[in-house]
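Peer 1: Prediction below, plus the sequence it came from.
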Amino acid sequence: MKKKESAANVLYETAFAEYGSALEMLAACKQAIKVREVLGFFEHARDEYIHTKKFLSILKKQGKNLSNIIARKYKFVHIGALKKGYVSEKGYLIETKKMKDFVAYIYTNELIAEDEFSKILKYFEDDKESTDTIHSIMKDELRHHGMARKYFLKYYPFIQPYQLMIYKYREYLHNKGRKFYFKNFQILEKLFTPIYFSISFLVSLPLRLLNQREFSRINKNLMDISSKSLL
Amino acid sequence: MYLGISAYNHQSAAALINEEGELINYYREEQLSRIKGDNSFPKNSIKKLFATNSLKIDDIKNVIFYEKPLSAYLNPLKVAAKNLPESLNLISHQLKNFKKTSLFCFVDLAKLYPGLEQKLLYIDHHLSHTLSALAYAESFQNICSVVADGFGDRSTTSISFVNNPNDIRELWSNDYPFSLGLFYSAITDFLGFAINEGEYKVMGLAAFGKNDSNLYNKMNKLIFWDKNEKTIKMDLSYFEYHKNIYNSFSIKLEELFGSSRNPLEKLDINNNDFQRYANIAFAAQEVLTNILKELFIYAHQLTGCSKFLFSGGVALNSASLRSITSLSFVEKIYIPPSPGDSGAAIGAAYFGFIKNNKNNSFKRITNLYPIIFNSKSQYKKTIKIVSEKFQYLSKNMEESFLLASELIKEGETIGTLISNAETGPRALGNRSLICNGQNLEAVIKLNTVIKDRSPFRPTAPAMNESTAKKYFILDDALYNSYFSMTSTVVLKGNSPIKDYPIIHVDGTARLQIVEPNTTLDKLLLNLRKYDIEIIANSSLNISGDPTCYDLIDGLMVCELSPLKYLLTDNGLLKKLN
Ligand SMILES: [Fe+2]
Ligand SMILES: [Fe+2]
Ligand SMILES: [Fe+2]
């Protein structure tokens, strides 16, 4: 059961990651000016949407064997992409990065994704259909990586290949860092929970004294309540 | 100009109303960000309003936010504090996420357009809802407003009397956590659908349910109208939304109704448990409807009114409306095209207009397509996508409409991406997937193949007024809502169209009466010669994504689904194989 749940968890998170990149690529498609780039990002977004759907369908297949309580944790709600940080609340990458950096980001992240998927495969050793699906997705990611590479060679011929290496390692470290940070964050979160809870407990004491009826507006003209007030 | 904002809770949106009280532009954040249910600060929407209308900060007289942030923050905390220690995770979550609550609107606004935050006003949440309905009503005086939602900043349900737009008195309210909206959401969750996304699926599922008095009584113990105290009461031991961020219902609910549905399993009419879930949905729908009836009866007692405004997320429950209008005193119910929180941004902007409207003259908002866009603006940008993947069957609009009609006659599905988009969650023809509503195969294909959604979900019929009168029992009290698809109708007895695929299993339909000179009207005129008078109309999106906003979104739907034809402002496109 444990293995099944962690498989579900990996699929769930990966589906969000794919959905996040679909959104990023669609945003890039809308921002791009050169019609070739518009087409390129369009097709890339399409692939990522399809990947999302494929991971979700494997998740559904797995989910049949999970108990309801666990399965409910893996209900895919789109807004999760924002809540879980797969896309930033500050805006899409294309709005915050230069095109060159954005393509470099794709270049490296597609490789990292491909690498991650090979780790997912181990959960589905005895499920040929799912492994085939994941293999086809891995092929796509390599293709995306190749496309970004081609773009680089075409538009920035003077800075390859060592700069691409730097980009790659920077992103790689970034990604490792992200995971490291996330792990630490989880540990910290556990450590701090009693503290948070104690604060919450203390805060709730005066809150309990708040009289909900004080918020009452019965027989008041709602149009005349001070619109500067937060209450 | 007045800028209204809704954000941080449900769907975010921003609306722009001018000095004449006209809704000149509006955006829902999810449509721009492409994330369903996007509830973050609507920076894309506001930026777009500024760009489209060449606004400067000075052009905006007031920015009106749709709730009172401190009340919205404190009320749930107060209730959670009473439920210690189970509620500790909810309280600490609220404390930690302080920056993502509406208390931060001022800061977010200042970051986006410095100076704009100085013009920020906060109004009562249910007042925003009331005004969003009032703005579309035909009369602005002596009308009663009923608001029901999940939770805003104080109450979850309220009744007020609109003496005139400047004098709106609250007469009754029901406090959080007793909430019709949150009750329905918990049932949605129980039935395996996502909260804030799947409520309308529950409504669709309910049509398959059978009346089971035992089940009804159980449901009615969970939530009921207390006749003596005139209030909505709940047995909160079955729910957890008020004390737990992870669960909306408690284990007791499963003891009562059996196990909840596994959300990862597809719900199919042929599933073993389908009938049990449908019966639960039916009971929840019945209980909700009956409480709403009691609420309207009480509203009538309090105000003497026979005309009502109805708004808040619960007003999206179109299936309950016919029961309300069956009450003898109800003469009229006005439901705004977007009754939920995204539409409340329009009400907020309208507040600015009312407050500054010196001559006190009001005319209703009639613009049902306030989301400004024209595919022509992306003609050049998409030229490469189109040349590689599509062909123009025609670039002449008149001819495109003729060809589209011919394709509809032949059983094809057409996507429309024409001019401005619709206000609310219902597509009225400009962001629609349409086919011949009289052709069973075509409708099934539209639903299951193209939209990839469960076959139990209904598809709405669109037709002109005379056709609607011929086949359906139209309700005078709800007449306005037929134009924005916010209520349902019943077929006339022995109707020749009773077996049409746009009629729900329970003999109802979510009718749209098509307005003259709109996209669907033009198509219906062309379809007359083929004896097609009903179009099946669904929103243009892939299951789970927000309705399309621009041409690229429309092309993406074609790319990701079997949809072959897209009618745009640039002409009729056909996907190459
Ligand atoms: Fe991918
Ligand atoms: Fe990729
Ligand atoms: Fe609301």
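Peer 2: Noted; the coordinates are in hand. Ligands and ions are numbered 1, 2, ... in the order given.

Peer 1: residues in the stretch 251-400 of chain B within reach of ligand 3, list them.
Peer 2: Taking CB under 5 Å from the ion as the test, the list of the stretch 251-400 of chain B residues beside ligand 3 reads B:Asp341. Heads up, the C-betas are built off the backbone N, CA and C, glycines and all.

Peer 1: Can you pull up the most central residue in the chain?
Peer 2: Because you didn't say which chain, this covers chain A. The structure's chain A has its C-alpha centroid closest to A:Tyr86; by CA atoms, centre = their mean the separation is 2.3 Å.

Peer 1: oops, I was thinking of chain B
Peer 2: Centrality entry for chain B: nearest residue to the mean C-alpha point is B:Pro425, 4.2 Å, by CA atoms, centre = their mean.

Peer 1: Pretty sure that residue sits against B:Ser338.
Peer 2: Yes: in this structure, B:Pro425 sits in contact with B:Ser338. The criterion is CB atoms under 8 Å, and the distance is 6.9 Å.

Peer 1: Please enumerate the helices of chain A.
Peer 2: Under the criterion DSSP state H, chain A carries helices at the ranges A:2-31, A:35-63, A:68-71, A:80-83, A:93-96, A:99-120, A:128-155, A:162-209.

Peer 1: May I ask you to name the longest helix in chain B?
Peer 2: Of all segments of type helix in chain B, defined using DSSP H, the longest is helix B:274-303.

Peer 1: Give me the buried stretch members for that helix, please.
Peer 2: By neighbour count with 16 or more other CB atoms under 10 Å in any protein chain shown, helix B:274-303 contains the buried residues B:274, B:276-293, B:295-296, B:298-300, B:303.

Peer 1: And for stretch B:226-241?
Peer 2: For stretch B:226-241, a neighbour-count test (16+ other CB under 10 Å) marks B:Thr231, B:Ile232, B:Met234, B:Leu236, B:Tyr238, B:Phe239, B:Glu240, B:Tyr241 as buried.

Peer 1: Filter the residues you listed down to the ones in strands?
Peer 2: Using DSSP state E to define strands, the subset of the buried residues of stretch B:226-241 located there is B:Thr231, B:Ile232, B:Met234.

Peer 1: how deep is the residue of the stretch 101-250 of chain B found nearest ligand 1 tucked in, by neighbour count?
Peer 2: Nearest to ligand 1, among the residues of the stretch 101-250 of chain B, is B:Ala194, at 22.9 Å (CB to the ion). Other residues near B:Ala194 come to 21 when the count uses other CB atoms under 10 Å in any protein chain shown.

Peer 1: Let me see the contact set for the residue nearest to it when sequence neighbours are not counted.
Peer 2: The spatial neighbour of B:Ala194 that comes closest, neighbours along the chain excluded (CB to CB, 6 or more residues apart in numbering or on different chains), is A:Val77 at 4.6 Å. Applying CB atoms under 8 Å, 6 or more residues apart in numbering or on different chains, one finds that A:Val77 lies in contact with B:Gly37, B:Ala194, B:Ile195, B:Glu197.

Peer 1: Pull up the gap between A:Val77 and A:Ser227, please.
Peer 2: For A:Val77, the distance to A:Ser227 under the criterion CB to CB, to the nearest Å works out to 34 Å.

Peer 1: Near ligand 1, which residues of chain A are found?
Peer 2: Among all residues of chain A, those adjacent to ligand 1 (criterion: CB under 5 Å from the ion) are A:Glu18, A:Glu48, A:His51.

Peer 1: if we go to 8 Å?
Peer 2: Residues of chain A lying close to ligand 1 by CB under 8 Å from the ion are A:17-18, A:21-22, A:47-48, A:51-52, A:110, A:113, A:137, A:140-141, A:144.

Peer 1: from those residues, which two are the most distant?
Peer 2: Spatially, the most separated pair among those is A:Thr52 and A:Glu110, at 15.3 Å (CB to CB).

Peer 1: can you count the residues close to the residue in chain A that chain B sits nearest to?
Peer 2: With distances taken as CB to the nearest CB, chain A approaches chain B most closely at A:Gly63, which sits 2.6 Å away. If you count neighbours by other CB under 10 Å, A:Gly63 ends up with 23.

Peer 1: Can you give me the neighbour number for the residue nearest to it when sequence neighbours are not counted?
Peer 2: Here the nearest residue to A:Gly63 in space, its sequence neighbours aside, is B:Leu264; by CB to CB, 6+ apart that works out to 2.6 Å. Using other CB under 10 Å, B:Leu264 is surrounded by 24 other residues.

Peer 1: Assign a three-state SS to B:Leu264, would you?
Peer 2: Judged by DSSP: H, G, I helix; E, B strand; the rest coil, the three-state class of B:Leu264 is coil.

Peer 1: ok, so what distance separates it from B:Gly37?
Peer 2: When distances are taken as CB to CB, B:Leu264 and B:Gly37 turn out to be 19 Å apart.

Peer 1: Repeat that for B:Gly429.
Peer 2: 24 Å.

Peer 1: what about the two, which has more around it?
Peer 2: Residue environment comparison for B:Gly429 versus B:Gly37 gives the larger neighbour count to B:Gly429, 26 against 20, counting by other CB under 10 Å.

Peer 1: Run a quick check on that one versus B:Ala460, I expect a contact.
Peer 2: No: contact between B:Gly429 and B:Ala460 fails when scored by CB under 8 Å: they sit 11.1 Å apart.

Peer 1: Residues in contact with both of the two, list them for me.
Peer 2: Residues within reach of B:Gly429 and of B:Ala460 at once, by CB under 8 Å, 6+ apart, are B:Asn537.

Peer 1: mind listing what the closest residue to ligand 3 within the stretch 301-450 of chain B touches?
Peer 2: At 4.5 Å from ligand 3, B:Asp341 is the closest residue in the stretch 301-450 of chain B, using CB to the ion. Applying CB under 8 Å, 6+ apart, one finds that B:Asp341 lies in contact with B:Ser6, B:Asn9, B:His10, B:Gln11, B:Ala13, B:Tyr66, B:Asp149, B:Gly313.

Peer 1: near ligand 2, which of the residues of chain A next to ligand 1 show up?
Peer 2: When contact is defined as CB under 8 Å from the ion, those meet ligand 2 at A:Glu18, A:Ser21, A:Asp47, A:Glu48, A:His51, A:Glu110, A:Ala113, A:Asp140, A:Glu141, A:His144.

Peer 1: ok, B:Leu205 - contacts?
Peer 2: Here B:Leu205 is in contact with B:Leu191, B:Leu267, B:Tyr277, B:Ala278, B:Ala281, B:Phe456 (criterion: CB under 8 Å, 6+ apart).

Peer 1: hmm, 6 Å instead?
Peer 2: Shown in contact with B:Leu205 (CB atoms under 6 Å, 6 or more residues apart in numbering or on different chains): B:Ala278, B:Ala281.

Peer 1: what about it, which SS state?
Peer 2: Assigned state for B:Leu205: helix (three-state reduction, three-state DSSP).

Peer 1: No more questions from me, cheers.
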